[in-house]
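Undergrad: pasting the structure only:
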């Protein structure tokens, strides 16, 4: 578990609501995206998110310190997504295991593709390791399905519009460096 | 031969994001022909990120999820571990045929099947382990609820090594499930029902 995650888990065990909110900020997108990328509707994926974080709370006292929290949440999300499909009487869609260009994204020489869920979690973890400003900016510019304009993002983040471009470049460079660090 | 040029990262990002005018984009593409390897690597990375975000956007769930989880945490923090409608149970190993004393003169080996029985208040889970080639095991399992009204059809069953998923299957209408050709070793098995999860810790998948 990263140092930050470990501190958040310890604080949640003490009933610290802010720590819980921070954990949700860090990981709810990952869990939701896993359910959505499997093909669940927004509503069904939202139910999976709720279940997964309820399970996290129920398990929180038993989580070892060396738990990879992102990986743990991914694993739980996968089985509850499967459960959702079973409940809907639908088959889990077949998965393509590799993402094109995953090696380039992670700065690896090997052409071997990385599994899609591993890649999602790796990118998500790297975004979490960026500072709050960079994380908010890159999520808004690159991962918001509504594709807000620079002006909308500037308003949301209280930044001058003219600074979005250069800040974006600096944040992307940081993200690149973090992804290339990953083992 | 002119020296290879470095194109600024921000310019490449603008190119990939479609933020350059047609003429600006054409000029940058022209420059790319003479660009240094660092530029080429940066461009490849930005293009890979663009592919990734198309394939795997990181959406936020609806606001109602946050509100529900906030409320749940408050209740949980107040009552700490109050049993809820959704439970996570850890099953106990009640029987392992491999631990039974061998009959005199009969030795078991790694090719002999094994039978395990795990129990909780809600249900028993039986595992039959069969050899499946060198160093591999076939697992035939069945969930046996104590309450006949508990539906164990189409329950996901996940096999984990540490925190990594090794395999994922689901039960049939008799609560049966199969994992094929699993490498011998120590695993966790989690079965998901309508009411919660049942965890089998330290499932030793060796036969005999």
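TA: Cool, got the structure. What you see is a predicted model, and the numbers here were worked out from it, not measured in a lab.

Undergrad: read off the pLDDT value for residue 81.
TA: Answering for chain A, as no chain was given. We note a pLDDT of 90 for residue A:81 in this prediction.

Undergrad: not quite, go with chain B.
TA: 51.

Undergrad: return the set of buried residues in the longest helix belonging to chain B.
TA: In chain B, assigned by DSSP state H, the helix with the most residues is helix B:37-55. Using 16 or more other CB atoms under 10 Å in any protein chain shown as the test for burial, helix B:37-55 gives B:39, B:42-53, B:55. Where C-beta positions appear, they are placed from N, C-alpha and C, glycine not excepted.

Undergrad: pull the most distant pair out of those residues.
TA: B:39 and B:55 (24.8 Å; CB to CB).

Undergrad: residue B:173 reaches residue B:143, doesn't it?
TA: No - counting by CB atoms under 8 Å, residue B:173 sits too far from residue B:143 to count as a contact (11.4 Å).

Undergrad: more neighbours, the two?
TA: Shown here are residue B:173 and residue B:143; by other CB atoms under 10 Å in any protein chain shown, residue B:143 has more neighbours (23 against 9).

Undergrad: low-scoring stretches of the chain, by residue?
TA: Since you didn't name a chain, this refers to chain A. Applying pLDDT under 70 to chain A flags residues A:1, A:90-103, A:107-115, A:182-183.

Undergrad: you answered for a different chain; I wanted chain B.
TA: Counting by pLDDT under 70, chain B contains low-confidence residues at B:1-3, B:80-86, B:100-112, B:207-208.

Undergrad: could you say which helix or strand contains the spatially most central residue of it?
TA: Note on chain B: the residue nearest the mean C-alpha position is residue B:165, at 3.8 Å, using CA atoms, centre = their mean. Element membership for residue B:165, per DSSP states H and E: strand B:164-170.

Undergrad: can you list contacts of that strand?
TA: Residues from elsewhere that reach strand B:164-170 (CB atoms under 8 Å, 6 or more residues apart in numbering or on different chains): A:71, A:75, A:78-79, A:82, A:86, B:154-160, B:177-179, B:182, B:187.

Undergrad: restricted to strands, list these.
TA: Using DSSP state E, B:156, B:157, B:158, B:159, B:160, B:177, B:178, B:179, B:182, B:187 are the members of the contacts of strand B:164-170 that sit in strands.

Undergrad: buried among those residues? Need that as a selection in PyMOL.
TA: Selection of buried members from the ones in strands among the contacts of strand B:164-170 for PyMOL, criterion 16+ other CB under 10 Å:
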select buried, chain B and resi 156+157+158+159+160+177+179+182+187
